[in-house]
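Colleague: Sequence first, then the predicted structure:
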Amino acid sequence: MATGSRARFDVPAFVSDLLPRMKPYLPPEPEQAPNPYKSSFLLFLRDCVWTVDEARGGEVRRWPWGVGKDGKSWEEYWNDWDVALHKYPRLFVDKTRRTMASNVVVAWDLWLLAGGTDGKARWPELAGNDGNRSVLIQSKKLEGETGSQAFIAKIKRMCQHFEDRGGRELWPDFPEWEIGLTKGHFSNGSRVEAVAQGGDQVRGPGSTHIHIEEAGFMDQVQESIETAIPALAGGGHITVVTTPNANATYLKRLRAGELGARR
């Protein structure tokens, strides 16, 4: 063999044929551990979500963690959210910190769309697949700062910050996404859409999650919510976010737990 030449070995045909036959008798390959950010909404919040703080001149900030200025643990607070969002199919969010409440539900929408899974069986339907999710975001109107379209924009900004700040290094198979003014599509088959109030807006194919915002200002809140429930048959969830001073009789009954919602 000439100096510097590369040695070449021929594999006999019987060896090539033997290897596939041996495979059933070989020990199984170890299962790949699930991505921690795909299997934990809390970790996703902590390391993969950034929001814009308009009060600080549009500063992009990491999700709050650790100990707050009041000495209380943010982690415990978000853990309560994590449990509630996974566990309760009908969740009523009545918080004074409404913007933060809205942001965490938007982050939840995004995590669901990206294929987040629950290994603790709190929401069993999330364990079986990581795609083809459907999220609807409903508000009194479609446009404006409090319209459902604004929450689609929040999801898009979260996706952009995820890309710009190295999120794919943490979650490499995070799906590709394309988000417009009122709709968004993900490469895993998931989709999100913004709609205005009204039962006809949520009637139709089943949804994984229906996120209703500013429910206290919706004239058709009862029709919207009661029409949404059948669309969730089979394991879907609904989260209703409103301000504490919502005075609509229907919302008062929701707040009181008379209609099966959890606060």
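Modeller: Alright, I've got the coordinates.
Colleague: Any regions of the stretch 101-250 of the chain where pLDDT drops low?
Modeller: Residue ranges of the stretch 101-250 of the chain with pLDDT under 70: 199-205, 244-249.
Colleague: so where do the strands sit in it?
Modeller: Along the stretch 101-250 of the chain, the stretches classed as strands by DSSP state E, counting those that start in this stretch are 134-138, 177-179, 183-186, 191-195, 209-212, 237-242.
Colleague: Relative to the first one, what are the paired strands and their orientations?
Modeller: Looking at strand 134-138 with DSSP bridges, its partner strands are strand 191-195 (parallel), strand 209-212 (parallel).
Colleague: could I get the strands of the stretch 101-250 of the chain as TSV with mean neighbour count?
Modeller: For every residue, glycine as well, the C-beta is placed using N, CA and C. Below are the strands of the stretch 101-250 of the chain laid out as TSV (neighbours: other CB atoms under 10 Å):
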stretch	mean neighbour count
strand 134-138	24
strand 177-179	17
strand 183-186	18
strand 191-195	22
strand 209-212	25
strand 237-242	24
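Colleague: for those, which one sits closest to residue 109?
Modeller: strand 134-138 (4.9 Å; CB to CB).
Colleague: Name the residues that touch that closest one?
Modeller: With CB atoms under 8 Å, 6 or more residues apart in numbering as the contact definition, strand 134-138 has outside contacts at 109, 112-113, 148, 151-152, 190-197, 201-202, 205-213, 224, 228.
Colleague: can you rerun that using 7 Å?
Modeller: Outside of strand 134-138, the residues within contact range by CB atoms under 7 Å, 6 or more residues apart in numbering are 109, 112-113, 148, 151-152, 191-195, 197, 201-202, 205-213, 224.
Colleague: now stretch 107-115
Modeller: Identification of contacts with stretch 107-115 by CB under 7 Å, 6+ apart yields 38, 41, 44-45, 49, 85, 130-131, 133, 135, 137, 155, 158-159, 174-175, 186, 188, 190, 192, 208-209, 211.
Colleague: Just the buried ones among the residues you listed, please.
Modeller: Neighbour counting by 16 or more other CB atoms under 10 Å classes 38, 41, 44-45, 49, 85, 130, 133, 135, 137, 155, 158-159, 174-175, 186, 188, 190, 192, 208-209, 211 among those as buried.
Colleague: Buried residues, stretch 48-59. List them.
Modeller: Buried residues in stretch 48-59 (16+ other CB under 10 Å): 48-52.
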